[in-house]
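S.K.: next comes the sequence, and after it the predicted model I'd like to discuss.
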Amino acid sequence: PIKQKSRLTANFLSTTHSVWPHGRRGGSSMSFNDLKTAPNLKTLDDAGLTFGWYKIKEQMDGLKAQEKTFRKEITNRYFPKPREGTNRHAFEYGYEIKMQLPWSYKFIVPNNFPNVPTAEGEREPTVIDAVEAMCNELRQASNQAGFVIDRLIKWEPKIAVSEFKDLPDNLKSIVARYVESKPGSPQIEFIQPTSDGEK
């Protein structure tokens, strides 16, 4: 990818500096607290725009860490033995705190599960192998196994992106009709320069 270089003032390099760099488009110095007034971002120069994002991200990262610490202490204090789902703790005057405790479930390969024979010898088992073995055990244990399996297991088709990209054009055009592709949320990282000023 092409790296575009933008001019940044020296003020930007100081993360403790509370004043934005002077805008090249007629902007004057702006304190970081002025972000609360939602400035028109299009009027900021490159340094001001990047500095503003960088400082906001710094604050968010710090707040996330503090929130996690408080949330952990609240959980330990009010819900020493939480149960899956909704947990409530009542305060005076009708106030309460509600904690949702999600619980993840997934199929795994059990310990000591045997390797799977192949034409070349054997291979390590996958979760699919384990689920198939479980289904076989259920069929042996109950004549209602088919009904149980249909309700117990949810199969979700998942596309192998690299395989899709490598398909010949005539096959890709067919598959593409059944595939939705859209960009996710962009992730930004600020890279500080090395000793020679380049990165």
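M.R.: Good, I have the coordinates.
S.K.: use CA for all of it now, contacts and neighbours both
M.R.: Fine.
S.K.: dump the residue contacts of the residue of the chain positioned farthest from its centre.
M.R.: Ranked by distance from the centre of the chain (CA atoms, centre = their mean), the top residue is Asn143, with 42.2 Å. The contact partners of Asn143, by CA atoms under 8 Å, 6 or more residues apart in numbering, come to none.
S.K.: secondary structure element for it?
M.R.: Of the helices and strands defined by DSSP states H and E, none includes Asn143.
S.K.: go on, Ile74?
M.R.: helix 46-78.
S.K.: give me the mean pLDDT for that helix.
M.R.: Per-residue pLDDT over helix 46-78 has a mean of 90.
S.K.: now it: buried residues?
M.R.: Going by neighbour count (16 or more other CA atoms under 10 Å), the buried part of helix 46-78 is Asp46, Ala47, Gly48, Leu49, Phe51, Gly52, Tyr54, Lys55, Tyr78.
S.K.: that one: how far from the chain's middle?
M.R.: 16 Å (CA atoms, centre = their mean, to the nearest Å).
S.K.: I'd like the next helix or strand past it.
M.R.: strand 85-90.
S.K.: where does Pro117 fall, helix, sheet strand or coil?
M.R.: Put simply, Pro117 is strand when judged by DSSP: H, G, I helix; E, B strand; the rest coil.
S.K.: thought it was touching Arg123?
M.R.: Yes. Using CA atoms under 8 Å, Pro117 is in contact with Arg123, at 6.5 Å.
S.K.: for the chain, just list every one of the strands.
M.R.: Per DSSP state E, the chain carries strands over the ranges 85-90, 96-101, 116-118, 121-123.
S.K.: Leu171: which of those strands is closest?
M.R.: Nearest to Leu171 among these is strand 116-118 (29.4 Å), distances taken as CA to CA.
S.K.: mind giving me the packing neighbours of that closest one?
M.R.: In terms of contacts (3 or more CA pairs under 8 Å, 6 or more residues apart in numbering; DSSP states H and E), strand 116-118 is packed against strand 121-123.
S.K.: show me what the strand it packs on is in contact with.
M.R.: For strand 121-123, contacts defined as CA under 8 Å, 6+ apart pick out Asn115, Val116, Pro117.
S.K.: 10 Å - rerun?
M.R.: Pro114, Asn115, Val116, Pro117 (CA atoms under 10 Å, 6 or more residues apart in numbering).
S.K.: dump these to CSV, plus neighbour count, pLDDT and distance to Gln187.
M.R.: Output for these, formatted as CSV (neighbours: other CA atoms under 10 Å; pLDDT from 0 to 100; distance: CA to CA, whole Å):
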residue, neighbour count, pLDDT, distance to Gln187
Pro114, 14, 94, 42
Asn115, 13, 95, 40
Val116, 12, 93, 41
Pro117, 11, 92, 43
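S.K.: all set now, cheers.
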